[in-house]
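1. Just a sequence and a predicted model for now, questions to come.
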Amino acid sequence: MDIVLITTIIASLFLVIGAAEPLSVRLRLPFTVILALLGIFIGSAAIFFLRTDLTDALNPVAEAILALPIRSNVFLYVFLPTLLFQATLGMNLRRMLDDWVPIIVMAVLAVVVATLGVGFALSWTSKLPLAACLLVGAIVSTTDPSAVVSIFRSISAPRRLSRIIEGESLLNDAAAIALFGLFMGYVMIGVPNPELGGALAQFPVLIAGGVLTGWLAARIAIWIMALFGAHELALISVSVALPYLAYIGAEQMVGASGVIAVVAAGLTLNLAGPGRLPPQSWVNLREIWDLLAHWAGALIFILAALLIPRLLEDVRVNDFVLIGVVVIAAVAARAFMLFGILPLLTAFRLSPMIERPYRTAILWGGLRGAVTLALALAVTESIRVPHDVKRLVGILATGFTLFTLLVQGASLRGVIGWLGLDRLSPIDEAMSRQVIAVALQTVREDVARTTEDYALTHDVVRTEAKMFGERLDDAVRAAEDSDDILDRDRITLGLMALAGFERDKILQKVRERTISARMAEKILLDSDRLIEGARVGGRSGYQRAARRSVAYSRAMRVAVVLHARFGLSSPLVKMTADRFEHLLSKRLILRDLDAFIDGRIRRIHGRRVAELLRELLLRRIEMVETGLEGLRLQYPGYAEELERRFIRRTALRLEEREYTSMREDGLIGVEVFTTLMQDLTNRRAQAEARPSLDISLKRLELVRQFPLFADLDDRAVRRLDRALKFRYVSPDDIIVRRDNPMKNVFFIASGAVELASAGQTWRLGRGEMFGQVALLMKNARRAEVRAIAPTTLLVLDIARFRALLEKSAALQDAVGESCKKRGIDPEKLLDEIRKTA
């Protein structure tokens, strides 16, 4: 084929892609539907002009279009890795881990249910063998969520809902391709039928091999990209090679799932990339992959649609009945998952509550696309598949895909409108009226200042001010009519707005390089949880998410155990340094939220809501400060090193801004600017490095700083340091239960606890202790102790505590004071001590 003609056709396809997006907006149809329609039109036109006697002028173009090397392997090896890899890079993986149960169930179980439902429905209504019917079911079981997700985003549907749909679509491709390979073996002539037991046993190998291959390829790629950190184009080029090498390596060398390998590689890069690559390079890499995926997704739809006229050439009347059977069975299988299985997951608290209108929209938005056509094309290409099977598989898969695109896709927006999902709720409508009124008041003030600064014509200003005033009066009257919003709803909306503003500030600090991209991922995860918690649970949900953001994680506790029992310190060092930086970054962000409450929240929601939000913010700041104080006590000096690092990075950012401003003003030339920026880049690389944390020598300094041990000599302090054990406690954790015997005394190094006994409660903070009364008195009332903040405890056993009590006057005074607080006579306690001595 002439290279000029091929180049012209490919360039024309990109022109079609460019025209499809504005056309989809104008026609209010999903982008993929427009691409499919254009592809079908181009393919049909090529067949028409090649066979018509009207003219032969367009025969070369028609032949070139029909001769394009469109094979199933082109879709699976060229386009699919790009789409999967970009999808994983754009995922909020940590948030998806919160919903892994519904994602796995919808991705795997839904594919199995659809395969069996369509397969058995076809076997009862057609003459195809059961294996071929199940093969059709596997082909049509994979979904393309792009249309429904894009519409959900445009109508501000819950983010969690979109994440579940995207996660499902990412994994159901792998499940569908695995089932396709299984049933393909049964329909091929001259190939021994695979054993079902052996095939099922192969599934774990496919998954584990794919995960391992993808992870290993990504780790090698990240290491290479880190070496090329100063060369942005080089590391982006490595990222482009990664999904293809992972896919081919898994499929051809390991015999595992290439789809799983690409997903694992993308997730690994998503997690490790922000911390290993320069922030701007990571942003640019993500943008490049967005563009590549846009092109790949558009081309795969157009090229697949070009095949549709050829796949439907031999269609017969009774084939339409079978297409109807496939449609009904597939929709019924998906409805069973959405209206049968998902409510069960919600009842067992394994999945978020998804309202019925959203489930209906997901059901109708389950479009099929290029993967379905690619798998059908693989069947029609095989010389070992009987002709009748090839014909029906191609027709049924293509007909079903056309139904989902042309019927479901074209009517999806109308269905969403019928369900009322494109309309604001009454609360949101009332809220929008108040926001408009507040915004217009601010605009009027700014416009007034602008007219004064520029000395505009008085008559023009007066006329425009009158028109603007009328609009403002209308907005204020509309806002006054919306005073029926409950305070509870105002608090929820205010908390969501506050968490959203917090998220914006995090992104701003990342762009300014004030906080690292790796820390930004964790803090953004916290802000997403705050938004979700406020949306679902209001104030209590927001507070739960806030406490979780500063609590010690399970991984941190495991690291403490590894360090204490086995001497493995590296996990604890890394997690402690991460916690230091995480809390410092969070404090930096929280300090900027007060002005937002005073400005926006107060004007929109009123003084009472603003004061409540400020109280919640102060509690969050207090929790962060408490966590930091505990770490400062335990590792003195490290927080100061991180603060120095923050100051250096801020100074570098301001220095870069000044150089850029001078360059734009023409005060310095290109050569000087380039030299200055190279020097700044070198200094920034040094400032980005996080100081090392030594956890081995800090316990002794903490013990020396503890007020109760102030009168001990150096030898006694060292002996006490060896006897004490650290314990980290998260808020609401039970430290001592009322029915458990007391065996230790606890000293509070940081944080706070609450004691509850006989209907009374006491709160203790840093420098205080508990457990000593129950140890020293036989008939003491036992208390239950729980943490009310992230708390660091020093734990001492009873024998060492008694020995220490005899030597320390400060400790004796502290014990006496604690007895007075609980209404116990100190002299009575001393008598108990003398008896047991």
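-> Done, it's in.
2. Give the burial count for Ile3, as a bare number.
-> 7 (other C-beta atoms under 10 Å). The C-beta positions use only the backbone N, C-alpha and C, and glycine is treated the same way.
3. Compute the distance between it and Ile70, please.
-> Note on Ile3: its distance to Ile70, by C-beta to C-beta, to the nearest Å, is 18 Å.
4. ok, now Met677?
-> 47 Å.
5. These two: which has the busier surroundings?
-> Ranked by neighbour count (other C-beta under 10 Å), Met677 and Ile70 place Ile70 first, with 18 against 15.
6. Need the three-state assignment for that one.
-> coil (DSSP: H, G, I helix; E, B strand; the rest coil).
7. check contacts around it.
-> 303-304, 306-307, 377 (C-beta atoms under 8 Å, 6 or more residues apart in numbering).
8. Over to Leu530?
-> Contacts of Leu530 (C-beta under 8 Å, 6+ apart): 495, 499, 502, 542, 545-546, 549.
9. And the closest residue to it other than its chain neighbours, what's its pLDDT?
-> Nearest residue to Leu530, sequence neighbours excluded (C-beta to C-beta, 6 or more residues apart in numbering): Ala499, at 3.9 Å. Predicted confidence (pLDDT) at Ala499: the value is 86.
10. any idea which element Ala499 lies in?
-> Assessed by DSSP states H and E, Ala499 sits inside helix 487-511.
11. do Leu794 as well
-> strand 791-797.
12. Pull up the pairing partners for that strand, direction included.
-> Its sheet considered, strand 791-797 pairs with strand 725-729 (antiparallel), strand 744-750 (antiparallel) by DSSP bridges.
13. just to revisit the earlier point, most neighbours out of the contacts of Ile70, which is it?
-> Result: Ala304 is most packed of the contacts of Ile70 (other C-beta under 10 Å), 29 neighbours.
14. Please name the residues that touch that one.
-> 36, 39, 70, 75, 369-370, 373-374, 377.
15. of these, closest to Ile491?
-> Ile491 lies nearest to Gly369 out of the contacts of Ala304, by C-beta to C-beta, at 42.8 Å.
16. Tell me the spatial nearest neighbour of the closest one, not counting adjacent residues.
-> With C-beta to C-beta, 6+ apart, the residue lying closest to Gly369 is Asp144, at 3.7 Å.
17. Tell me the pLDDT of that neighbour.
-> With respect to pLDDT, Asp144 has a value of 70.
18. partner residues bridging it?
-> Assigned bridge partners for Asp144, using DSSP bridges, are Leu367.
19. What about it, how many residues nearby?
-> Asp144: 26 neighbours (other C-beta under 10 Å).
20. now it: how far from Leu242?
-> For Asp144 relative to Leu242 (C-beta to C-beta), the value is 24 Å.
21. before we move on, what about Ala577?
-> In terms of C-beta to C-beta, Ala577 sits 28 Å off from Leu242.
22. can you give me the helices for the stretch 101-250 of the chain?
-> Using DSSP state H, counting those that start in this stretch, the helices found in the stretch 101-250 of the chain span residues 110-125, 130-139, 146-154, 159-187, 196-227, 232-248.
23. Tell me which of the ones you listed sits most buried.
-> Most buried of the helices of the stretch 101-250 of the chain, by mean neighbour count (mean count of other C-beta atoms under 10 Å): helix 130-139, with a mean of 27.
24. any idea which helix or strand comes after the strand holding Leu794?
-> Next element after strand 791-797 (DSSP H and E): helix 798-807.
25. Just the CA atoms of that following helix, as CSV, please.
-> Taking C-alpha atoms only, helix 798-807 is exported to CSV below (Å, rounded to 0.1, in the frame of the first residue of the first chain):
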residue,chain,number,x,y,z
ILE,A,798,4.9,-3.5,88.9
ALA,A,799,8.2,-4.7,90.5
ARG,A,800,10.3,-2.0,88.9
PHE,A,801,7.7,0.6,89.7
ARG,A,802,7.8,-0.2,93.4
ALA,A,803,11.6,0.0,93.4
LEU,A,804,11.4,3.3,91.6
LEU,A,805,8.8,4.7,94.0
GLU,A,806,11.0,4.1,97.0
LYS,A,807,13.8,6.2,95.4
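26. Which neighbouring elements make contact with that helix?
-> Applying 3 or more C-beta pairs under 8 Å, 6 or more residues apart in numbering; DSSP states H and E, one finds that helix 798-807 makes contact with helix 714-723, strand 744-750, helix 772-776, helix 809-821, helix 826-836.
27. in the first one, what's buried?
-> Of the residues in helix 714-723, 717, 720-721, 723 count as buried by neighbour count, 16 or more other C-beta atoms under 10 Å.
28. Need the contact partners of the host helix or strand of Ala374.
-> Assessed by DSSP H and E, Ala374 sits inside helix 370-381. Outside of helix 370-381, the residues within contact range by C-beta under 8 Å, 6+ apart are 70-72, 75-76, 79-80, 135, 138-140, 142, 144, 173, 176-177, 180, 184, 187, 297, 300-301, 303-304, 307-308, 311, 385, 389-390, 393-394, 397-398, 400-401.
29. give me that answer again for 6 Å
-> 72, 75-76, 139-140, 142, 173, 180, 300-301, 304, 385, 390, 393-394, 397, 401 (C-beta atoms under 6 Å, 6 or more residues apart in numbering).
30. Just the buried ones from the residues you listed, in ChimeraX syntax?
-> A single ChimeraX command is used to select the members of those judged buried by 16+ other C-beta under 10 Å:
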select :72,75,76,139,140,142,173,180,300,301,304,385,390,393,394,397,401
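31. still on that earlier bit, can you get me the centre-to-centre distance for the helix holding Ala374 and its chain?
-> The gap between where helix 370-381 is centred and where its chain is centred comes out at 32 Å by C-alpha atoms, centre = their mean, to the nearest Å.
32. Now that helix - C-alpha only, PDB.
-> The C-alpha coordinates for helix 370-381 follow below in PDB (Å, rounded to 0.1, in the frame of the first residue of the first chain):
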ATOM      1  CA  ALA A 370     -13.600  -2.100  21.400                       C
ATOM      2  CA  VAL A 371     -12.600  -4.900  23.700                       C
ATOM      3  CA  THR A 372     -15.800  -6.800  22.900                       C
ATOM      4  CA  LEU A 373     -15.200  -6.300  19.100                       C
ATOM      5  CA  ALA A 374     -11.500  -7.200  19.400                       C
ATOM      6  CA  LEU A 375     -12.400 -10.500  21.100                       C
ATOM      7  CA  ALA A 376     -15.100 -11.200  18.500                       C
ATOM      8  CA  LEU A 377     -12.500 -10.400  15.800                       C
ATOM      9  CA  ALA A 378     -10.100 -12.900  17.300                       C
ATOM     10  CA  VAL A 379     -12.700 -15.600  16.900                       C
ATOM     11  CA  THR A 380     -13.500 -14.700  13.200                       C
ATOM     12  CA  GLU A 381      -9.800 -14.700  12.400                       C
END
